[in-house]
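> predicted model and sequence below, questions to follow.
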Amino acid sequence: MNASGSTQDALLIEPLPVPPDAAVRVPGSKSITNRALICAALAPGTSTVTGALVADDTTAMVESVRGLGATVARDDADDAFRITGADLSSTHAAHVDARQSGTTSRFVLPVAAVRVGPTTVDGSAQLRRRPFGPQVDALRQLGARLEELDAPGRLPVRVTAPARGGRARIPGTESSQFISGLLIAGPLMPEGLAVELTTAGLVSRPYLDLTREVMRAFGATVEDLAAPPGRYVPTRYAVEPDASSASYFFAAAAITGGRVTVEGLGRGSSQGDLRFVDVLERMGATVVREATRTTVVGPVDGLRGVDVDLRDLSDTAQTLAAVAVFADRPTRVRGIGFIRGKETDRIHAVVTELRRAGLDAREHDDGFTVTPGTPQPTVFETYEDHRMAMSLSLLGLRHPGIALADPGCVGKTYPGFFADLDRLRTVG
Ligand SMILES: O=C(O)C1=C[C@@H](OP(=O)(O)O)[C@@H](O)[C@H](O)C1
Ligand SMILES: C=C(OP(=O)(O)O)C(=O)O
């Protein structure tokens, strides 16, 4: 790393000397990687997944599907995982550690309910604090037997008898991952699966499109929120770059008046978080959308504050909180009360940290308001939340004295983040 140095545990982010003019390629999508890995693990035969993210959340999935009986081999030369599907009729008792990964845990738990042997799903202390109740409840409606080994609605959970399938009622307002996981397991339930929402609202909707897209690529049939009995077939699948990871680079262009192109993420992408560039456009940035890449050019005359609902793309809420510091008027973010149940209470965390830097930021039940200002030199806390670290680092690109505690927390989805951020310093 050439311009970011370590002080004790904290990482100092040096301001960019000039606005960036750069093209970057961010790692593979966490969400697509974990969907592809688990669909491959359900397909009898050998699948190949290329371009996958290699990070803590996807290692969690690799280890988990191995625990369920799949074989996973890494071929670095080919940038590929080769996965041979698990024998779901095996009676062996499985134990799965989903680490910090919401997707891994919420995709594996329903899959545990379509195998014959008992499976225990557990995770880190952080994951044990996150909600699982609606999914446990839905699986019981589908005939599975589950034991919550610690507290109701929390990990660890042991599945002791499989689901027959049918209809499950579940709220859509807490996490779409519950529904994605049920859909993934649905084709392997003897009666198939139909999910019925008990709420008018549905958060993180684009992730359900992603689930259906990857399921179909692996040969499964799925329509809306239902999957008839069926099967997966092995395939070769290429993972595109991660749109949430790209948000930090688009934001860097927006706040500096620079220009950043993210390669491999273009008009055909199904990742909802790519819509973050629409928000930047509303704020005054110029966006160039091409078939296989997207460019953001920051305005020279400053950004406008916006009032925006991010329920479909909530992983970009903290990115926007950082961008909002550089606008001309307050930014209000709505529709994201459910992000209090992510790696940390993200509304509280981001507001607390902006205030630590002397900025005016406020919490609301459903989001936050950030008023523009000049952040003071600060060592930000990062709450074991990769997105706190990556978002707050943006302030350091413009202001001196910004440092991050526990920068290694980015390893959850983007181990090379700070090295890639340094590439914005390369002129030309
Ligand atoms: O399905 C997915 O891949 C994801 C869904 C979202 O979670 P929620 O559905 O809990 O909002 C998102 O925050 C997470 O990073 C990835
Ligand atoms: C919320 C996130 O992850 P997960 O729910 O998959 O742990 C995230 O990556 O921001």
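Perfect, thanks for sending it. Ligands and ions are numbered 1, 2, ... in the order given.
> for the stretch 201-350 of the chain, which residues are neighbours of ligand 2?
Residues of the stretch 201-350 of the chain lying close to ligand 2 (Cβ under 6 Å from any ligand atom) are Asp315, Lys342, Glu343. C-betas here are computed from N, CA, C, even on glycine.
> just for the stretch 1-150 of the chain, where's the confidence low?
1-8 (pLDDT under 70).
> related to what we said a few turns ago, could you dump the residues of the stretch 201-350 of the chain next to ligand 2 into JSON lines and include distance to ligand 1?
Converted to JSON lines, those look like this (distance: Cβ to the nearest ligand atom, whole Å):
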{"residue": "Asp315", "distance to ligand 1": "5"}
{"residue": "Lys342", "distance to ligand 1": "6"}
{"residue": "Glu343", "distance to ligand 1": "9"}
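> which ChimeraX command selects the buried ones in those?
Buried residues within these, by 16 or more other Cβ atoms under 10 Å, are selected in ChimeraX with:
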select :315,342,343
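> partners of the helix or strand hosting Arg158 in the sheet?
Per DSSP states H and E, Arg158 falls inside strand 157-161. Strand pairing for strand 157-161, using DSSP bridges, gives strand 119-122 (antiparallel), strand 145-148 (antiparallel).
> can you list these in CSV and add mean neighbour count and distance to ligand 2?
Formatted as CSV, these follow (neighbours: other Cβ atoms under 10 Å; distance: least, Cβ to the nearest ligand atom, whole Å):
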stretch, mean neighbour count, distance to ligand 2
strand 119-122, 22, 14
strand 145-148, 16, 19
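> want to throw those strands into a markdown table with distance to ligand 1?
Shown next, in a markdown table, are the strands paired with strand 157-161 (distance: least, Cβ to the nearest ligand atom, whole Å):
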| stretch | distance to ligand 1 |
| --- | --- |
| strand 119-122 | 16 |
| strand 145-148 | 19 |
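> and Val288, what helix or strand is that in?
strand 286-289.
> packing partners of that strand?
helix 276-282, strand 293-297 (3 or more Cβ pairs under 8 Å, 6 or more residues apart in numbering; DSSP states H and E).
> who's in contact with the strand holding Arg158?
For strand 157-161, the external contacting residues (Cβ atoms under 8 Å, 6 or more residues apart in numbering) are 109, 112-113, 118-121, 132, 136, 139, 143-149.
> and the helices and strands packed on strand 286-289: which comes nearest ligand 1?
helix 276-282 (13.0 Å; Cβ to the nearest ligand atom).
> can you give me the strands in the stretch 1-150 of the chain?
For the stretch 1-150 of the chain, strands defined by DSSP state E, counting those that start in this stretch occupy the ranges 5-7, 10-13, 21-24, 46-50, 71-75, 80-84, 94-97, 119-122, 145-148.
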